[in-house]
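Novice: turn this into a structure:
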Amino acid sequence: MKKSVMFLLLSLVCFSVSAQIGKVRSGIIGGVSMDWYKDKAMSKDKAGFNIPDMKPSFHVGYQFQIELKHRLSVDAALLYGQKRGEIASIGNKVAPVKGYQSKFARNYMALNGVLNYNPVGGLKVGAGVEPTLHFKDDIMIGNTIKSAFDVPVVVKAAYAFKYFDLALTYKHGTCNVMKGVPYMKYGRTRDMQVSIFVPIFK
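Specialist: Below you'll find the predicted structure:
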């Protein structure tokens, strides 16, 4: 089902781009995000790690906006970002073990593609995908969060002001990006993101 949804979204984007292209804008994009993880609870009779306590993160990159027919447009961006958080060891009673906490700052690269519709004024709403490569990062007592690939489904709402666009984006991860964390089974990320796009070339 997930593969079918992603294939449909990609097909819509490709079909739209193949249509007559209008105005193209490009420029820098940056913002902050807050993410969390959807994961099954660990076995109560085993020690391990809890679900990461995530901190505010950032992303920067370069974006293209391509206007199409029928109030449609495509946003395509190459992004670099960093996800920050903390993992704490827990014991049999699901209580933190003092001294066993590890902060991490995990880098990622992503290619974002969103098909938008302009219902009124400067408002745009859209959906797409964001293939993302998360790089590995060391955590406490000899464990490593392994490199992982994810293809989040993206839902976006943006408003175009005179000099910049302001966007709110929700990203729904489909793959386990926390491989290597003991007793964490399904580290699928969920992400709320606020971005500002500043066109340089119009």
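
Novice: where does pLDDT dip in the chain?
Specialist: Residue ranges of the chain with pLDDT under 70: 1-21, 38-51, 88-100, 140-143, 182-185.

Novice: can you classify the most centrally placed residue in the chain by secondary structure?
Specialist: The structure's the chain has its C-alpha centroid closest to residue 171; by C-alpha atoms, centre = their mean the separation is 5.1 Å. Assigned by DSSP: H, G, I helix; E, B strand; the rest coil, the conformation of residue 171 is strand.

Novice: residues contacting it?
Specialist: Residue 171 is in contact with 35, 130, 152-154, 189-191, 193, counting by C-beta atoms under 8 Å, 6 or more residues apart in numbering. No exception for glycine: its C-beta is placed from N, CA and C like everyone else's.

Novice: could you work out the most separated pair of these?
Specialist: Farthest-apart pair in those is 35 and 153; separation 14.2 Å (C-beta to C-beta).

Novice: ok, which stretches of this protein are helices?
Specialist: Secondary structure of the chain (DSSP state H): helices at 2-17.

Novice: tally of neighbours for residue 133?
Specialist: Neighbours of residue 133 under the rule other C-beta atoms under 10 Å: 14.

Novice: ok, what's across the strand from it?
Specialist: Under the criterion DSSP bridges, residue 133 forms beta bridges with residue 109, residue 149.

Novice: ok, it to residue 79 distance?
Specialist: Separation of residue 133 from residue 79 (C-beta to C-beta, to the nearest Å): 11 Å.

Novice: now swap in residue 57 and tell me
Specialist: Using C-beta to C-beta, one gets 12 Å for the distance from residue 57 to residue 79.

Novice: then residue 35?
Specialist: Distance, residue 35 to residue 79, by C-beta to C-beta: 14 Å.

Novice: any chance of a ChimeraX selection covering the buried ones in the contacts of residue 171?
Specialist: Restricted to buried positions by 16 or more other C-beta atoms under 10 Å, the ChimeraX selection for these reads:
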select :35,130,152,153,154,189,191,193
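
Novice: take the contacts of residue 171 and keep only those in strands.
Specialist: Applying DSSP state E to those, the entries found in strands are 35, 153-154, 189-191, 193.

Novice: make a markdown table out of those residues and add distance to residue 162.
Specialist: Below are those laid out as a markdown table (distance: C-beta to C-beta, whole Å):
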| residue | distance to residue 162 |
| --- | --- |
| 35 | 31 |
| 153 | 31 |
| 154 | 26 |
| 189 | 34 |
| 190 | 33 |
| 191 | 28 |
| 193 | 23 |
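
Novice: just give me the closest of these to residue 177.
Specialist: Distance to residue 177 across these (C-beta to C-beta) is lowest for residue 189, with 5.8 Å.
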